[in-house]
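Novice: could you work out the structure for the sequence below:
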Amino acid sequence: MPVKLASDLVDKKVAYIFLNASDQDNSVQRKVAAQIKGLVAEGVEIKGFFFTFRERAETYDLPHIHSLKVAKAGGKYLLSVRKRNRMTRELLRWASQNAHLYDVLYLRNYRPSIRWWWFMLKYGKKCITEHQTKELPEIMALTSENPFGWRPGRFLGWLEFAAMPVLAERIWGSLALGATSKVVAVTGEIAEYERNRAFPKKPSAHVVSNGIDVMSFPLRTAPVFDGNRLILFMLVGGSTAVDWHGIDLVMEGIKKYKGSVNIEFWLAGNKDIIKKYEAPFVRLLGFCDKVRTDEIADQVHLGLGSFASDRKGLKEACSLKMREYAARGIPAVYGQEDNDYESICNAGLAMKCQSMVAPDIEAVVAFYQELQNRAEFSGQIRKIAIKEMDNKVKMWALKEVLLSRPQW
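Specialist: Coordinates of the predicted model:
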């Protein structure tokens, strides 16, 4: 039975387009799949299209999601540029055959190029883009990892990962946004940024923070805390060498700690990213899929959020790892602003620290010791997550954006 829509909403067919999908389980693809699943539950007529260079993207066997193979780009130099061009070329080809079947094209934002702009020029009136960060400040932060140099390798690296992406965002990114009907951002800070840099028109900007399918994550069983050993756990997403998670700050805080509790710091993420943080108190877990993370959740005491989002120009954050902690019932310690976490924090079930400062581990230990006086604190965290962060809440808000009329 179709869902009755509000008076200002209209029935529309929606295509959710996710470029550069992976064949492996990861938090971003779980989020996208959960969004599509949640919108279907809300009565939205939607199909997901996962474009991938692999043989098949991880679609979680959902009938509403289709995996589309993109031919790999060849060559040795500027490979990432050629990959983006190949991906957007395939998007244009798909749109020429299928865009007319849909009223709305919802796209997780992709690194812009002239083809991305062409796509928006042609289909922008039905396009809505979703943004997770302030793209240009993030790229500028990455330029420190790709310094200019006259050696061929260094110069090409600077060109590929610094100069060309900056120019693409300044030119094609702004023009593409100026041709888009709406933008959706996970924070108000990002929404304002995207709207302000759009040219020549200003799309309507909307805030829908990241949600999570809470019930798809098992409620963890909190490990016993004997006062001798405290395990801090961080999910490290992304594949960038710029540490906006603040791993270095956490390690600094642990080194400064002079208390009697043995502190262990467990890092889960891409091995190439986390290997430089080797230390006697650090355990490098490598990449962990959902099943492995479910197991780890029963062994760790606290989940760590981000402490250095300022490094990519963000005061507010809406990280998926924080939502995974909440869904599993893991108490969190974090440094960024996160509006969805205010209820958990105000209830004394999470601890907010100052951004860009090494966390006070003595205070962290005291926070967890205090939690021991509360029965079933993991279940209490999860209850708030269901109320504040679940996709049933977030997808209702996204549904309104998708089905309402554009407001230029």
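Novice: and the next helix or strand past the lengthiest helix in the chain?
Specialist: Ranked by residue count under DSSP state H, the longest helix found in the chain is helix 79-98. The helix or strand immediately downstream of helix 79-98 is strand 104-108, counting by DSSP states H and E.
Novice: what packs against that next one?
Specialist: strand 13-21, strand 127-131, helix 391-403 (3 or more Cβ pairs under 8 Å, 6 or more residues apart in numbering; DSSP states H and E). Every C-beta, even on glycine, is put in place using the N, C-alpha and C of the backbone.
Novice: what's the closest of these to residue 220?
Specialist: Checking those against residue 220 by Cβ to Cβ gives helix 391-403 as the closest, at 19.7 Å.
Novice: okay, now residue 260: neighbour count?
Specialist: Residue 260 sits with 8 neighbouring residues when counted by other Cβ atoms under 10 Å.
Novice: hang on, the earlier thing: with distance to residue 141 added, can I get the helices and strands packed on strand 104-108 in a markdown table?
Specialist: Shown next, in a markdown table, are the helices and strands packed on strand 104-108 (distance: least, Cβ to Cβ, whole Å):
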| stretch | distance to residue 141 |
| --- | --- |
| strand 13-21 | 20 |
| strand 127-131 | 16 |
| helix 391-403 | 28 |
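Novice: what sits against the residue of the chain most remote from its centre?
Specialist: Seen from the C-alpha centroid of the chain, the residue lying at the greatest distance (Cα atoms, centre = their mean) is residue 260, 36.1 Å away. With contacts defined as Cβ atoms under 8 Å, 6 or more residues apart in numbering, residue 260 is in contact with residue 228.
Novice: need the three-state assignment for it.
Specialist: Classification of residue 260 using DSSP: H, G, I helix; E, B strand; the rest coil returns coil.
Novice: before we move on, back to that, which one of the helices and strands packed on strand 104-108 lies closest to residue 214?
Specialist: helix 391-403 (7.9 Å).
Novice: how is this structure carved up into domains?
Specialist: 13-211+391-403, 214-388 (automatic domain parsing).
Novice: so for residue 215, what's the pLDDT?
Specialist: If you check residue 215, the pLDDT there is 94.
Novice: make sure it is indeed in a helix.
Specialist: Yes - counting by three-state DSSP, residue 215 is located in a helix.
Novice: low pLDDT regions in this protein?
Specialist: 1-9, 146, 238-242, 406-408 (pLDDT under 70).
Novice: ranges for the strands of it?
Specialist: Taking DSSP state E, the strands of the chain run over residues 13-21, 45-52, 65-69, 104-108, 127-131, 182-185, 204-207, 229-236, 262-269, 282-286, 302-304, 332-334, 350-352.
Novice: partners of the last one, with directions?
Specialist: If I follow you right, that is strand 350-352. strand 332-334 (parallel) (DSSP bridges).
Novice: now what about the strand it pairs with, what contacts it?
Specialist: Against strand 332-334 from outside (Cβ under 8 Å, 6+ apart): 232, 302-307, 322, 325-326, 341, 344, 350-353, 359, 364, 367.
Novice: next, the buried residues of that strand.
Specialist: Neighbour counts over strand 332-334 (16 or more other Cβ atoms under 10 Å) mark 332-334 as buried.
Novice: what residues are up against residue 59?
Specialist: 33, 48, 50, 65-67.
Novice: nope, residue 232 is what I was after
Specialist: 250, 254, 263-266, 300-302, 304, 333, 364.
Novice: dump those into CSV; add distance to residue 98 as well.
Specialist: Shown next, in CSV, are the contacts of residue 232 (distance: Cβ to Cβ, whole Å):
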residue, distance to residue 98
250, 46
254, 52
263, 53
264, 50
265, 47
266, 44
300, 44
301, 49
302, 46
304, 42
333, 46
364, 51
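Novice: with only the CA atoms kept, save stretch 53-61 in PDB.
Specialist: What follows is stretch 53-61, C-alpha atoms only, in PDB (Å, rounded to 0.1, in the frame of the first residue of the first chain):
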ATOM      1  CA  PHE A  53      35.700  -0.800 -11.700                       C
ATOM      2  CA  ARG A  54      35.500  -4.200 -10.100                       C
ATOM      3  CA  GLU A  55      33.600  -7.200 -11.500                       C
ATOM      4  CA  ARG A  56      30.800  -6.400  -9.100                       C
ATOM      5  CA  ALA A  57      30.200  -3.900  -6.300                       C
ATOM      6  CA  GLU A  58      29.100  -4.900  -2.900                       C
ATOM      7  CA  THR A  59      25.300  -4.400  -3.100                       C
ATOM      8  CA  TYR A  60      24.300  -6.500  -0.100                       C
ATOM      9  CA  ASP A  61      22.000  -8.600  -2.300                       C
END
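Novice: so which bits of that stretch are buried?
Specialist: Buried-residue list, stretch 53-61, by 16+ other Cβ under 10 Å: 53-54, 57-59.
Novice: check stretch 245-264 too.
Specialist: Applying a neighbour-count criterion of 16+ other Cβ under 10 Å, one finds 245-247, 249-251, 253-254, 257, 261, 263-264 buried in stretch 245-264.
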